[in-house]
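Asks: Give me a model of this one.
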Amino acid sequence: MNKLLGTVLTSALTISLLAGCGTSTSNKKKVGIIQFMDHTSLNEIKDSFDKEMKTLGYDDKNIEYTFKNGQGDTNTCASIANDFAGKNFDCVMAIATPAAQAVAKLATKTPVVFSAVTDPVGAQLTSSLSKPDKNITGTSDEVQVDQIIDKALEINPNTKTIGMLYNKGEANSVTNIKKAKAYCAKKNIKVEEATIASVNEAQSAVNVLNSKCDAIFAPNDNTVASAMNVVSDACKKANKPLYVGADSMVKDGGFLSVGIDYKELGKETAKIVDKVLKGNKVENIPVKVFKTNLKIYVNTTTKDKLGIKLPESITSDSKYTEI
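Replies: So this is what the prediction gives:
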């Protein structure tokens with residue numbers, strides 16, 4: 001009888017412990033993360049996001065991440081979104097515009113936080129930056145194209161034609177190119193365009209632009225960013241300055257950019273996810289847009305290869321940053 005009672009008590013204790021473990025697991029927050037593709041800008045965001053989440057107190061004991069990479073394919077992103085739909089996440093974080101657009105449909109049940117979306121309204125992720133209305137918010141990497149073009153003219157006032165390289169399938173790039181063309185028109189600068197749909201088309205496209213233009217501009221375009229080794233080398237061989245929309249693209253061989261630090265973008269995205277996980281309503285979390293305190297990023301190796309001497313107005317600027 002005592003042996004039977006001992007067995008029953010042991011079984012009861014085991015069940016109790018297992019139940020306790022189940023409760024601990026259920027208390028974990030679940031976050032799905034989708035990244036559009038691999039390149040320096042997006043990888044920096046992800047790495048910075050991970051570090052900031054740890055700083056905010058999240059670890060293996062209280063959070064569970066599911067990370068998927070779309071490999072630059074919108075169909076793959078759509079498949080990932082369908083998979084995420086059945087995961088019962090507390091929040092979904094999306095890196096880059098195509099990834100955010102793919103998971104936007106999940107916002108009917110799950111808050112979505114995006115990172116590196118140039119034009120959230122144009123991408124139909126929200127109708128308002130200050131008061132998000134679709135259960136979607138995040139951080140914007142809006143490119144200040146006017147400031148970049150101004151720097152190009154400051155360095156070479158005789159610039160007459162600027163070539164623009166981008167993927168017209170990316171909403172973020174279309175927005176930036178539209179702004180760049182409008183600003184060039186005000187400055188009486190001719191624009192030549194070359195669009196690419198894949199990395200394999202970058203070489204021939206940039207070569208055509210180099211034959212026609214005084215300088216090249218590429219926004220924070222994911223396809224161009226993935227082909228920076230090819231694009232930057234072609235521009236250096238043609239002795240044409242390559243102005244880009246992201247600091248990471250400067251690191252990868254571009255000449256100059258005016259913009260944000262993508263590590264800061266990752267940090268701010270983590271802070272927004274933290275607010276969502278703590279129960280804050282998305283409509284009360286404005287989209288974070290970086291428009292001030294921007295840095296002037298210059299790749300000194302590229303500068304020397306091009307033989308460009310920067311004016312003192314740029315090098316003496318407190319925001320001047322060499323890479």
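
Asks: pLDDT score for Leu17?
Replies: Here, the pLDDT recorded for Leu17 equals 44.

Asks: can you pull the contacts of the closest residue in space to Lys305 that isn't next to it in sequence?
Replies: Among residues not flanking Lys305 along the chain, Lys236 sits closest, at 5.0 Å (CB to CB, 6 or more residues apart in numbering). In this view, the C-beta of every residue, glycine as well, is placed from N, C-alpha and C. If a contact means CB atoms under 8 Å, 6 or more residues apart in numbering, then Lys236 has Gly253, Thr302, Lys305, Leu306 as its contacts.

Asks: For Ile148, state which of these is nearest.
Replies: If you rank the contacts of Lys236 by distance to Ile148 using CB to CB, Thr302 comes first, at 15.1 Å.

Asks: Quick check: nearest residue in space to that closest one, chain neighbours excluded?
Replies: Phe255 (4.9 Å).

Asks: same question, Ala107
Replies: Ranked by CB to CB, 6+ apart and with sequence neighbours excluded, the top spatial neighbour of Ala107 is Asn135, at 4.0 Å.

Asks: contacting residues around the one you found?
Replies: Ala107, Thr108, Thr110, Pro111, Val112, Val282, Glu283.

Asks: Please flag which of the contacts of Lys236 sit within strands.
Replies: The members of those all map outside strands under DSSP state E.

Asks: would you turn those residues into a markdown table with pLDDT, distance to Val191 and neighbour count?
Replies: Formatted as a markdown table, those follow (pLDDT from 0 to 100; distance: CB to CB, whole Å; neighbours: other CB atoms under 10 Å):
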| residue | pLDDT | distance to Val191 | neighbour count |
| --- | --- | --- | --- |
| Gly253 | 98 | 23 | 21 |
| Thr302 | 98 | 23 | 21 |
| Lys305 | 98 | 25 | 17 |
| Leu306 | 98 | 21 | 17 |
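
Asks: Let me see the mean pLDDT of the helix or strand containing Ala202.
Replies: In this assignment (DSSP states H and E), Ala202 forms part of helix 202-212. The average pLDDT within helix 202-212 is 98.

Asks: Quick check: buried residues in that helix?
Replies: Ala202, Ala205, Val206, Leu209, Asn210 (16 or more other CB atoms under 10 Å).

Asks: Flag the shaky bits of this structure, pLDDT-wise.
Replies: Applying pLDDT under 70 to the chain picks out residues 1-26.

Asks: can you tell me which residues contact the residue nearest to Phe49 when sequence neighbours are not counted?
Replies: In space, and not counting its chain neighbours, Phe49 is closest to Gly266: 4.2 Å by CB to CB, 6+ apart. Neighbour list for Gly266: Glu44, Ile45, Lys46, Asp47, Ser48, Phe49, Lys51, Glu52, Ser115 [criterion: CB under 8 Å, 6+ apart].
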